[in-house]
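>>> Next input, structure requested:
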Amino acid sequence: MKKIKKIAVMTSGGDSPGMNAAIRSVVRTCAYYRTECMGIYRGYQGLIEGDLIPLTARSVNNIINKGGTILKSARSKDFRTKEGRQKAYESLQKNKVDALVVIGGDGSFTGGVIFNKEFNFPIIGIPGTIDNDISGTSHTLGYDTALNTAVEAIDKIRDTASSHNRLFFVEVMGRDAGFIALNAGVGAGAEEILIPEEDLGLERMLESLKKSRRSGKSSSIVVVSEGDKTGKNVFELADYVEKNLPEYEVRVSVLGHMQRGGSPTCFDRVLASRLGVSAVELLLDGKTNLMVGLKDNKVIATDLEKAIKGQHKIDTELLRVSDIMTT
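Residues are numbered from 1 along each chain as shown. Below is the predicted model:
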């Protein structure tokens, strides 16, 4: 493998808090090791179109606290074709880029794995997604921020629920993974939590709400992951409860994309800084096709394909804690 003299960094897929902190870390680590760095705008699509700019340590001043991504993000249909990936490779060659850091989720990493196989181009992935659904790391960038955003919102909703004796269904993000719903639900003291990994059933939910009512609770919060397996969306769930438990006045609140924005937490900023340093150092050491992540508070490297194909499983102990807390 030839000596790495220039590294490019990009953000791809959905944005998440902490991406800017990771960009900053990659750029400044390159500067520390006297390696040139370039930023790629709009992910793989920008790479195909040659939308690259040089980045220096000063280019990333005052972005560690900002949400979103200064490099923008976009999904690319063109990159799914061999012709599109060929154009991307030619763009890297034209700009004399020797290696690539991809900040994103499983879709971005899948594209990186294919690109690496086709062109033997060095790639390191940094997991950036609020869903926390990447194997090989306990935390992905943005997850902690999204979690705290959700808990803060649920706390405020509970104030209204208590004031009006209402039952609130609060939908949080997580189409295929219930990490936000489970942790936010436990953290905010929800009476019931519905997640994709567990089909708890509608009858159990009704029984739980009846039990809460009998115990003297006049208001309740049900946290629902958008990918819940009951087969009903959050509005259908609300209608179902109103029909079967008419004593409840039901309201729905969908938190939506607010969970993906905002200033990253200290945890996400520190994690991004650590992962960015590790990503650059791995490339400079001649490593490729790896993802950097966190395990037992230590930065580790996982095979990129294994990170994609593996499954970050929900914490069964936390499910048990949730059941006890809803008593």
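
>>> what pLDDT does T230 get?
You'll see T230 listed with a pLDDT of 61.

>>> excluding its backbone neighbours, what's nearest G178?
Excluding its sequence neighbours, the residue lying closest to G178 (C-beta to C-beta, 6 or more residues apart in numbering) is I195, at 2.6 Å. Quick note: C-beta positions are derived from backbone N, CA and C, even for glycine.

>>> tell me which strands and helices the biggest helix by length in the chain is in contact with?
Ranked by residue count and defined by DSSP state H, the top helix of the chain is helix 143-164. Counting by 3 or more C-beta pairs under 8 Å, 6 or more residues apart in numbering; DSSP states H and E, the packing neighbours recorded for helix 143-164 are strand 166-172, helix 179-187, strand 220-225, strand 249-254, helix 266-284.

>>> can you count the residues close to S59?
By other C-beta atoms under 10 Å, 17 other residues sit near S59.

>>> can you tell me how far it sits from F121?
S59 sits 24 Å away from F121, going by C-beta to C-beta, to the nearest Å.

>>> what's the answer for M325, then?
Distance from M325 to F121, counting by C-beta to C-beta: 48 Å.

>>> Between these two, which has more neighbouring residues?
Neighbour totals were compared for M325 and F121, and F121 leads with 20 against 14 (other C-beta under 10 Å).

>>> Extract the CA atoms of the worst-scoring helix or strand of the chain on mean pLDDT and return them as PDB.
Sorting the helices and strands of the chain by mean pLDDT, DSSP states H and E puts helix 202-214 at the bottom, at a mean of 75. Provided in PDB are the C-alpha atoms of helix 202-214 (Å, rounded to 0.1, in the frame of the first residue of the first chain):
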ATOM      1  CA  LEU A 202     -52.100  -4.400  22.000                       C
ATOM      2  CA  GLU A 203     -53.800  -6.300  24.700                       C
ATOM      3  CA  ARG A 204     -50.800  -6.000  27.000                       C
ATOM      4  CA  MET A 205     -50.700  -2.300  26.400                       C
ATOM      5  CA  LEU A 206     -54.300  -1.900  27.300                       C
ATOM      6  CA  GLU A 207     -53.900  -4.000  30.400                       C
ATOM      7  CA  SER A 208     -50.900  -1.900  31.400                       C
ATOM      8  CA  LEU A 209     -52.900   1.300  31.000                       C
ATOM      9  CA  LYS A 210     -55.800  -0.100  32.900                       C
ATOM     10  CA  LYS A 211     -53.400  -1.100  35.700                       C
ATOM     11  CA  SER A 212     -52.000   2.400  35.800                       C
ATOM     12  CA  ARG A 213     -55.500   3.900  36.000                       C
ATOM     13  CA  ARG A 214     -56.400   1.500  38.900                       C
END
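
>>> pLDDT weak spots in the stretch 101-250 of the chain?
By pLDDT under 70, the weakly predicted segments of the stretch 101-250 of the chain are 199-201, 215-219, 227-232.

>>> hang on, the earlier thing: the longest helix of the chain: how far from the chain's middle?
Remark: helix 143-164 is offset 19 Å from the chain centroid, using C-alpha atoms, centre = their mean, to the nearest Å.

>>> Just the buried positions in that helix, please.
Burial within helix 143-164, assessed by neighbour count using 16 or more other C-beta atoms under 10 Å, is assigned to 143-151, 153-154, 157-158, 161.

>>> Which of those residues sits closest to V27?
Taking C-beta to C-beta as the measure, T145 is the one of the buried residues of helix 143-164 closest to V27, at 21.0 Å.

>>> Next, the contact list for the closest residue in space to the closest one that isn't next to it in sequence, please.
When the adjacent residues along the chain are set aside, T145 lies closest to P17, with 3.8 Å between them (C-beta to C-beta, 6+ apart). Applying C-beta atoms under 8 Å, 6 or more residues apart in numbering, we find P17 in contact with 67-68, 130, 141-142, 145-146, 260-265, 268.

>>> Buried among these? Make that a PyMOL selection.
Buried subset of the contacts of P17, written as a PyMOL selection, criterion 16+ other C-beta under 10 Å:
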select buried, resi 67+68+130+141+142+145+146+260+261+262+264+265+268
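
>>> So I64: helix, strand or coil?
Under DSSP: H, G, I helix; E, B strand; the rest coil, I64 falls in the coil class.

>>> Which pLDDT does the model give it?
Looking at I64, its pLDDT reads 98.

>>> right, and it touches A22 too?
No: I64 lies out of contact with A22 (C-beta atoms under 8 Å); the separation is 9.6 Å.

>>> Of those two, give the one with the bigger neighbour count.
When I64 is set against A22 and neighbours are counted by other C-beta under 10 Å, the residue ahead is A22, at 32 against 20.

>>> mind listing what's buried in the helix or strand harbouring that one?
Taking DSSP states H and E as the criterion, A22 maps to helix 19-32. Within helix 19-32, the residues scored as buried using 16+ other C-beta under 10 Å are 19-31.

>>> Closest to G104 out of these?
For the buried residues of helix 19-32, the residue nearest G104 by C-beta to C-beta is M19; the value is 8.6 Å.
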